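compute the structure for the input listed below.
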Amino acid sequence: QLQASGGGLVQPGGSLRLSCVAHGFTLNFPAIGWFRQVPGKEREGVSCLSSLNDITYDSDSVKGRFTVSRDNAKNTVYLQMNSLKPEDTGVYYCAAGMLSLIDTYMNYWGKGTQVTVSS
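A predicted model of the protein is given here:
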């Protein structure tokens, strides 16, 4: 299973680093993606990272602020979030599947971690 962690409460302009750990299997899917969801809204693709090379996709809303990376030795994918804004608030999920920001292309989902950006 996938387990996301690292969420919390942060002030606007602050930073957080989320981690996604794969338990019981290696992250050998084509890609790992990060998604977020706010109550009443559709789930949104944030960033994804190819497992084969360094190709990444970021949504326009986070481009230049969020960076996705991986540590294969730790079987972990990270999402470094800088210059956070209140609109970044939501439950963040990691998922394994295809290299895409579209959630229907992901096969396995972890439990989410809450990120709240507020002063």
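
centre-most residue in the chain?
Trp34 (2.6 Å; Cα atoms, centre = their mean).

that residue - that's part of a helix, no?
No - assessed by DSSP: H, G, I helix; E, B strand; the rest coil, Trp34 does not belong to a helix; its assignment is strand.

quick one: contacts for it?
Counting by Cβ atoms under 8 Å, 6 or more residues apart in numbering, Trp34 touches 18, 20, 45-48, 66, 68, 77, 79, 92-95. C-beta here means a position set from N, CA and C on the backbone, and glycine is covered the same way.

Leu9 versus that one, what's the distance?
Remark: distance between Trp34 and Leu9 (Cβ to Cβ, to the nearest Å) = 19 Å.

so where's this protein shaky on pLDDT?
24-27 (pLDDT under 70).

skipping adjacent residues, who's closest to the spatially most distant residue from the centre of the chain in space?
Of all residues in the chain, Ser119 has its C-alpha farthest from the mean position, at 22.7 Å, by Cα atoms, centre = their mean. Leaving out its chain neighbours, the residue that sits closest to Ser119 by Cβ to Cβ, 6 or more residues apart in numbering is Gln11, at 5.3 Å.

equivalent analysis for Thr56, please.
Among residues not flanking Thr56 along the chain, Leu49 sits closest, at 5.1 Å (Cβ to Cβ, 6+ apart).

and that neighbour, helix, strand or coil?
Applying three-state DSSP: Leu49 is strand.

ok, what's across the strand from it?
As for beta bridges, Leu49 partners with Ile32, Thr56 under DSSP bridges.

and it, how close does it get to Leu101?
Going from Leu49 to Leu101 by Cβ to Cβ gives 11 Å.

all set now, cheers.
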